[in-house]
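J.: I need the structure of the sequence given here:
(one chain, ligands or ions: 3)
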Amino acid sequence: MTESIRFILNGELREVSGLPPSMTLLQYLRERAHLTGTKEGCAEGDCGACTVAIGRLNNGKVDYQSINACIAFLPTLDGREVVTVEHLKSKTGQLNPVQDAMVKCHGSQCGFCTPGFVMALSTLMHNCKDAKDDDIQDAIAGNLCRCTGYRPILDAARLANKSKDRELPSDVNALEKIQRKKMFAYEAGGAKFFAPVTGEELVEVYAQYPNATMLAGGTDVGLWVTKFHMDLPVIIYTGNVEGLRSIRETAEGLEIGAAVSYTDAFEALAAYDGSMLDMFKRFASVHIRNAGTVGGNIANGSPIGDGPPPLIALNAKLVLRSKAGARTLNLEDFFLAYKKQDRKQGEIVEKIIVPKKPAGVQFRVYKISKRFDQDISAVCGAFAADIQNGKVVEARIAFGGMAGTPKRATHAENALKGQPWNEATLQKAVAALDKDYAPMTDMRASAKYRADVARNLLKRFFIETTEPDVETQVYRYAE
Ligand SMILES: Cc1cc2nc3c(=O)[nH]c(=O)nc-3n(C[C@H](O)[C@H](O)[C@H](O)COP(=O)(O)OP(=O)(O)OC[C@H]3O[C@@H](n4cnc5c(N)ncnc54)[C@H](O)[C@@H]3O)c2cc1C
Ligand code: FES
Ligand code: FES
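T.: Ligands and ions are numbered 1, 2, ... in the order given. Here you go, the predicted structure:
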């Protein structure tokens with residue numbers, strides 16, 4: 001049970017034992033490895049000061065992604081590579097192109113945020129041979145700077161983008177040597193951590209520890225420790241279970257494993273409609289999307305998660321599995337009440353099945369939040385309507401932020417069904433929304449605002465599906 005955590009840190013093998021499983025990578029870097037270039041700002045995934053690159057072996061090469069070290073538990077790094085800002089300088093001591101450009105373009109003042117920006121941009125340069133302005137803005141949407149202003153940082157990114165020297169240093173052989181074929185089990189100070197590699201191991205260990213905390217990307221669970229100081233005596237990590245990390249296209253549609261990150265699910269989900277891509281690009285930041293999973297976004301039962309409304313509108317099914325077998329339910333039926341889900345003891349969320357969008361079905365999803373980037377929704381509305389010869393044959397509407405759970409608007413759907421898709425029908429459906437929801441007031445929005453927004457989003461859906469020439473695109477920056 002007392003295996004050590006093995007990972008490659010800046011080119012060197014680390015074998016760690018005796019440290020609590022819920023110690024974060026950031027704590028380890030700063031307090032144990034004395035790599036203090038990586039900073040702590042918020043300790044909740046919001047500011048990007050702690051950005052590092054994580055390498056994962058994939059078919060004989062290393063895939064790098066930026067993550068927030070402040071909410072990543074150390075044992076989740078087992079079998080991975082970690083690159084921090086200290087490792088970017090070449091052996092001859094030259095700055096890497098992003099660091100060099102930050103100096104030349106005056107992209108840093110107090111310097112606190114700078115390592116985070118440098119890591120975010122260096123990972124982008126590694127992954128993207130010619131980064132466009134949109135890619136650059138997306139890559140640093142999760143990094144905050146309080147003194148420089150973003151223009152010089154963007155200038156630096158554009159300058160670095162001209163460089164040919166953009167690879168992060170990687171060591172495939174070293175990574176290959178630390179891969180595991182069976183479950184990794186770690187224990188320290190009485191706390192246990194399990195990282196199964198097969199679905200069988202996963203349900204077996206969960207049956208053994210039914211009160212364990214299930215951990216996927218940790219973008220929620222990490223905060224339970226860093227912000228709420230919770231003890232997690234037993235953690236089961238899903239991030240190495242191959243079956244949960246894959247996306248499969250079948251004749252019926254898309255099967256997305258619960259541990260697939262939003263970054264990885266992006267392309268497949270965007271195929272349903274461009275509005276899906278627009279919405280998911282505003283889901284947190286790149287660093288959070290690289291870690292946060294589709295399954296975690298559902299299993300957490302949040303009424304304001306961005307994944308459930310579009311998936312419910314698309315009639316997605318959820319597959320839950322335990323040692324006793326699997327069961328499938330409509331995604332909307334999983335959410336019973338505020339933070340209460342239909343998940344029995346020993347059951348894990350295994351996958352989400354999203355049916356193919358039938359021809360003729362119009363689909364849109366819209367996210368409304370106070371900030372454009374890196375903000376949780378006040379309201380998220382998703383609409384799927386089968387419109388044939390100007391008539392609504394079937395409609396599915398789901399909202400987040402309007403009730404204690406993500407919820408369908410059945411009254412509005414009934415007002416649309418079988419009716420001509422015109423202004424009069426729209427008005428009836430808009431009025432019916434008042435029967436579907438009694439939203440609450442909180443720090444994100446007032447009840448009135450939410451109700452107004454829901455009505456307006458349905459109107460927007462009507463306009464976009466009846467007057468395709470009307471421009472309803474929302475712009476991120478003043479242009
Ligand atoms: C800075 C920041 C910004 C964010 N922005 C957004 C946003 O814009 N939109 C949004 O919707 N969310 C946002 N979130 C919330 C979060 O990132 C998402 O909900 C994410 O998808 C959670 O996935 P995860 O893999 O990190 O889950 P985790 O934190 O690992 O787990 C979340 C919950 O699900 C359970 N769980 C995970 N996997 C399983 C499984 N397979 N079976 C059973 N239970 C499981 C865990 O036990 C836990 O209760 C944000 C979070 C942060 C920190
Ligand atoms: S310290 Fe702010 S995102 Fe990690
Ligand atoms: S340079 Fe001071 S916070 Fe960015």
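J.: Neighbours of the residue of the stretch 1-150 of the chain found nearest ligand 1, how many?
T.: Relative to ligand 1, the nearest point of the stretch 1-150 of the chain is G45 (3.3 Å; CB to the nearest ligand atom). Where C-beta positions appear, they are placed from N, C-alpha and C, glycine not excepted. Counted with other CB atoms under 10 Å, residues neighbouring G45 total 28.
J.: what about the stretch 51-200 of the chain, any weak spots by pLDDT?
T.: 91 (pLDDT under 70).
J.: was I right about the residue of the stretch 1-150 of the chain closest to ligand 1 contacting G218?
T.: No: G45 is not in contact with G218 according to CB atoms under 8 Å; the separation is 9.2 Å.
J.: hey, what's in contact with both of the two?
T.: Residues touching both G45 and G218 by CB atoms under 8 Å, 6 or more residues apart in numbering: I71.
J.: what about the residue of the stretch 1-150 of the chain closest to ligand 1, which helix or strand?
T.: Per DSSP states H and E, G45 falls between elements, in no helix or strand.
J.: What residues does it make contact with?
T.: N68, C70, I71, G142, T219, G222, L223, A284, S285, H287, I288.
J.: and ligand 1, which of the residues you listed contact it?
T.: T219, A284, I288 (CB under 6 Å from any ligand atom).
J.: Okay, and the first one sits in which element?
T.: Here T219, judged by DSSP H and E, is contained in no helix and no strand.
J.: re the thing from before, what residue, apart from its backbone neighbours, is nearest the residue of the stretch 1-150 of the chain closest to ligand 1 spatially?
T.: Excluding the flanking residues, the one nearest G45 by CB to CB, 6 or more residues apart in numbering is N68, at 4.5 Å.
J.: Wait, the one you found touches R289, no?
T.: No: N68 lies out of contact with R289 (CB under 8 Å); the separation is 11.0 Å.
J.: can you list the contacts of G45 in a markdown table and add distance to Y366?
T.: Shown next, in a markdown table, are the contacts of G45 (distance: CB to CB, whole Å):
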| residue | distance to Y366 |
| --- | --- |
| N68 | 27 |
| C70 | 31 |
| I71 | 28 |
| G142 | 22 |
| T219 | 23 |
| G222 | 28 |
| L223 | 27 |
| A284 | 17 |
| S285 | 20 |
| H287 | 24 |
| I288 | 20 |
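J.: As a check, name the ranges of all strands in the stretch 301-450 of the chain.
T.: 317-322, 325-330, 335-337, 340-341, 348-355, 361-368, 379-388, 391-400, 407-408 (DSSP state E, counting those that start in this stretch).
J.: quick one, domains of the chain?
T.: 5-86+170-237, 89-160, 361-466 (automatic domain parsing).
J.: For ligand 2, tell me whether the longest one is touching it.
T.: Yes: Domain 5-86+170-237 reaches ligand 2 (CB under 6 Å from any ligand atom) through E40, G41, C42, A43, G45, D46, C47, G48, A49, C50, N68, C70.
J.: So for N68 and R289, which sits in the more crowded spot?
T.: Applying other CB under 10 Å to N68 and R289 shows that N68 carries more neighbours, namely 32 against 25.
J.: Give the helix, strand or coil label for D130.
T.: coil (DSSP: H, G, I helix; E, B strand; the rest coil).
J.: Excluding residues flanking it in the chain, which one is nearest it?
T.: Per CB to CB, 6+ apart, closest to D130 is N161, 7.1 Å.
J.: That neighbour against A131, yeah?
T.: Yes: N161 is within contact range of A131, at 5.0 Å (criterion: CB under 8 Å).
J.: which neighbours do these two share?
T.: With CB under 8 Å, 6+ apart as the test, N161 and A131 both reach M125.
J.: which residue sits farthest out from the middle of the chain?
T.: The outermost residue of the chain relative to its centre, with distances by CA atoms, centre = their mean, is A424 at 38.9 Å.
J.: Check the burial of the residue nearest to D130 by counting its neighbours.
T.: N161 has 22 neighbours, counted by other CB under 10 Å.
J.: ditto for G18
T.: The burial count for G18: 9, using other CB under 10 Å.
J.: ok, now A431?
T.: By other CB under 10 Å, neighbour count at A431 equals 13.
J.: cool, and the one 4 residues further on?
T.: For K435, the neighbour count with other CB under 10 Å is 13.
J.: before we move on, what about A268?
T.: Around A268 there are 18 other residues, counting by other CB under 10 Å.
J.: cool, R327 as well?
T.: When neighbours are counted by other CB under 10 Å, R327 registers 14.
J.: That one is in contact with V319, isn't it?
T.: Yes: counting by CB under 8 Å, R327 touches V319, with 7.5 Å between them.
J.: buried residues in the longest helix along the chain?
T.: For the chain, the longest helix by residue count, based on DSSP state H, is helix 447-466. Neighbour-count burial for helix 447-466 flags R450, A451, V453, A454, R455, L457, L458, R460, F461, F462, E464 (criterion: 16 or more other CB atoms under 10 Å).
J.: Nearest to C147 among those residues?
T.: C147 lies nearest to V453 out of these, by CB to CB, at 34.5 Å.
J.: Tell me how far that closest one lies from ligand 3.
T.: As for V453, its distance to ligand 3 is 33 Å (criterion: CB to the nearest ligand atom, to the nearest Å).
J.: what's the closest non-adjacent residue to that residue?
T.: Closest to V453 by CB to CB, 6+ apart is V379, at 4.7 Å.
J.: contacting residues for the residue nearest to P21 when sequence neighbours are not counted?
T.: Nearest residue to P21, sequence neighbours excluded (CB to CB, 6+ apart): F193, at 3.6 Å. For F193, the contact set (CB under 8 Å, 6+ apart) comprises P21, F73, P75, F184, A185, Y186, E187, V234, I235, Y237.
J.: And for L426?
T.: L426 is in contact with L458, K459, F462, counting by CB under 8 Å, 6+ apart.
J.: And for V365?
T.: Counted by CB under 8 Å, 6+ apart, V365 has contacts D273, S275, M276, M279, P309, P310, A313, C380, G381, A382, F383.
J.: what do you get if the cut-off is 7 Å, keeping everything else the same?
T.: Residues near V365 by CB atoms under 7 Å, 6 or more residues apart in numbering: S275, M276, M279, P309, P310, C380, A382.
J.: Please convert the residues you listed to a markdown table, extending it with neighbour count.
T.: As requested, the contacts of V365 are arranged in a markdown table below (neighbours: other CB atoms under 10 Å):
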| residue | neighbour count |
| --- | --- |
| S275 | 21 |
| M276 | 21 |
| M279 | 23 |
| P309 | 30 |
| P310 | 30 |
| C380 | 29 |
| A382 | 31 |
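J.: ok, so of those residues, who is nearest ligand 3?
T.: Out of the contacts of V365, the member with the shortest distance to ligand 3 (by CB to the nearest ligand atom) is M279, at 28.7 Å.
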